[in-house]
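Novice: prediction below, plus the sequence it came from.
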Amino acid sequence: MDFDKYNTGDYQSTLVGYISEHIVQIPWQHEHISLSNDQNKLHYCLGISPSQFQRLMSTRQDFSNANEIAVLYARTALQYTLEQKMKRFHDNSQTMFIVLIVDAIQKYNFAVFHNKHIKTGVALKYALDEGTRLFKIFSEARSQLPLKLAQRVILLRWHDIHDAEYDKCVMAIRAHLFVSEKFHTLINAVVQHYFDVRKPQGNLSETKHELLREYVLYELPSLIRGINYNTYHCSVIIHPTLTSSIRKNDHQRNLMIHLLEYVRNSPILLAEMGINQSSNLCNIYDIDMPIDVPLTLLSTISNSKYFFELRENSVGKESF
């Protein structure tokens, strides 16, 4: 591979060039779901899972470039997706792009994997603190975009899209657990795999299982109906994932696809969620971004020490 073409003399441009060229887009549906012709629904959401960016937000003093690298990845994800989607809609001035920091529901992860308490509010505090850090990273990333692109970007956090209507969807999904054994099995499979990846030698107790199940239940409505905010409806959700292999997240992704396909093809559950037409369903895609920058390229950039650490920490890991 010719690495010289990425080496511009500026390490940020060098990395952005390499990352952008090696992004792989992977669908979360077996068939493309038709998008609405309504101009108000031609909007996109970049769904940001803090677990994907945790490894880039190091607080260790000897890795002071951590947030700078995180901003670089955030900017690359924004610019890549914006440019791809603006091409699709021929620079439609009405198309907006929402960046959703999925922070509050991370409290379930903090409870299960970091022993923070839900009832006392400590788990939520940790989740929101992490969300604040990630919000700042994407704010900085947006400020570095060309003005024409930056004006299309709206930054949100979970509380901005979580309302009474959303809770009704969650309640409908939770109730369906008790009437469909298949749905119950699909949810359990997602929860078990998620735990096994994060804690290979751990024991998934009933309490921890219920907490992780709540995470999945709260996430599902957004993955089925899309994101609603003010007058905007996002009918496409893009998930940036940082990975050392495009095959690494396949099993986890396939489990989610099976779960989503069940819901998409369940008229009764969709009706209970207030979704009556297939055109109201959304398309979901991962954009896998390489975290394992080749050693040959690393040797040409000034921040290579930090990337060596990332490569080491990424070995054998898979994130949700």
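Specialist: Everything's here; your move.

Novice: how about stretch 182-201, which residues are buried there?
Specialist: By 16 or more other CB atoms under 10 Å, the buried positions in stretch 182-201 come out as 183, 186-187, 190-191, 193-195, 197-198. Where you see a C-beta, it was placed from the backbone N, CA and C, and this is true even at glycine.

Novice: and the strands in the stretch 1-150 of the chain, which stretches?
Specialist: For the stretch 1-150 of the chain, the strands defined by DSSP state E, counting those that start in this stretch cover 24-27, 43-48, 97-101.

Novice: next one: the stretch 201-320 of the chain
Specialist: Using DSSP E, counting those that start in this stretch, the strands of the stretch 201-320 of the chain run over residues 227-229, 232-243, 283-290.

Novice: so can I have a markdown table of the ones you listed showing mean pLDDT, mean neighbour count and distance to residue 254?
Specialist: Below are those laid out as a markdown table (pLDDT from 0 to 100; neighbours: other CB atoms under 10 Å; distance: least, CB to CB, whole Å):
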| stretch | mean pLDDT | mean neighbour count | distance to residue 254 |
| --- | --- | --- | --- |
| strand 227-229 | 93 | 19 | 23 |
| strand 232-243 | 89 | 22 | 14 |
| strand 283-290 | 91 | 20 | 12 |
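
Novice: can you say which of those is nearest to residue 257?
Specialist: Among those, strand 283-290 comes nearest to residue 257, with 8.9 Å by CB to CB.

Novice: show me where pLDDT drops low in the stretch 51-200 of the chain?
Specialist: Counting by pLDDT under 70, the ranges of the stretch 51-200 of the chain that qualify are 58-66, 86-93.

Novice: pLDDT at residue 22, what is it?
Specialist: Looking at residue 22, its pLDDT reads 88.

Novice: which non-adjacent residue is nearest it?
Specialist: Closest residue to residue 22 apart from its sequence neighbours, by CB to CB, 6 or more residues apart in numbering: residue 290 at 4.8 Å.

Novice: so what's the residue nearest to residue 282 when sequence neighbours are not counted up against?
Specialist: Nearest in space to residue 282, with sequence neighbours left out and distances taken as CB to CB, 6+ apart, is residue 226 at 3.6 Å. Applying CB atoms under 8 Å, 6 or more residues apart in numbering to residue 226 gives the contacts 45, 233-237, 280-282.

Novice: please apply the same query to residue 139.
Specialist: Going by CB under 8 Å, 6+ apart, residue 139 touches residue 155.

Novice: residue 187 and residue 162, how far apart?
Specialist: For residue 187, the distance to residue 162 equals 20 Å [CB to CB, to the nearest Å].

Novice: er, residue 21 actually
Specialist: From residue 21 to residue 162 the distance is 37 Å (CB to CB).

Novice: neighbour-wise, which of these two wins?
Specialist: More neighbours surround residue 162 than the other of residue 21 and residue 162, with 16 against 11 (other CB atoms under 10 Å).

Novice: quick one: that one from residue 100, how far?
Specialist: To residue 100, residue 162 is 11 Å away according to CB to CB.

Novice: hang on, the earlier thing: export the strands of the stretch 1-150 of the chain to TSV and append columns for distance to residue 109 and mean neighbour count.
Specialist: Putting the strands of the stretch 1-150 of the chain into TSV (distance: least, CB to CB, whole Å; neighbours: other CB atoms under 10 Å) gives the following:
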stretch	distance to residue 109	mean neighbour count
strand 24-27	23	13
strand 43-48	14	25
strand 97-101	14	24
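
Novice: returning to what we had before: and the residue nearest to residue 282, what pLDDT?
Specialist: 92.

Novice: wait, the residue nearest to residue 22 sits on residue 20?
Specialist: No. Under the criterion of CB atoms under 8 Å, residue 290 is not in contact with residue 20, lying 10.2 Å apart.

Novice: tell me where the stretch 101-250 of the chain has helices.
Specialist: Secondary structure of the stretch 101-250 of the chain (DSSP state H, counting those that start in this stretch): helices at 107-114, 122-143, 147-150, 158-161, 164-176, 181-198, 206-225, 250-264.

Novice: other SSEs contacting the fourth one?
Specialist: If you count contacts as 3 or more CB pairs under 8 Å, 6 or more residues apart in numbering; DSSP states H and E, helix 158-161 packs onto strand 97-101, strand 227-229.

Novice: report all helices and strands that the shortest one contacts.
Specialist: Yep, that's strand 227-229 we're talking about. Counting contacts by 3+ CB pairs under 8 Å, 6+ apart, strand 227-229 is packed against strand 97-101, helix 158-161, strand 232-243.

Novice: swap in 10 Å and give it another go.
Specialist: Contact here means 3 or more CB pairs under 10 Å, 6 or more residues apart in numbering; DSSP states H and E; on that basis strand 227-229 packs against strand 43-48, strand 97-101, strand 153-157, helix 158-161, helix 164-176, helix 206-225, strand 232-243.
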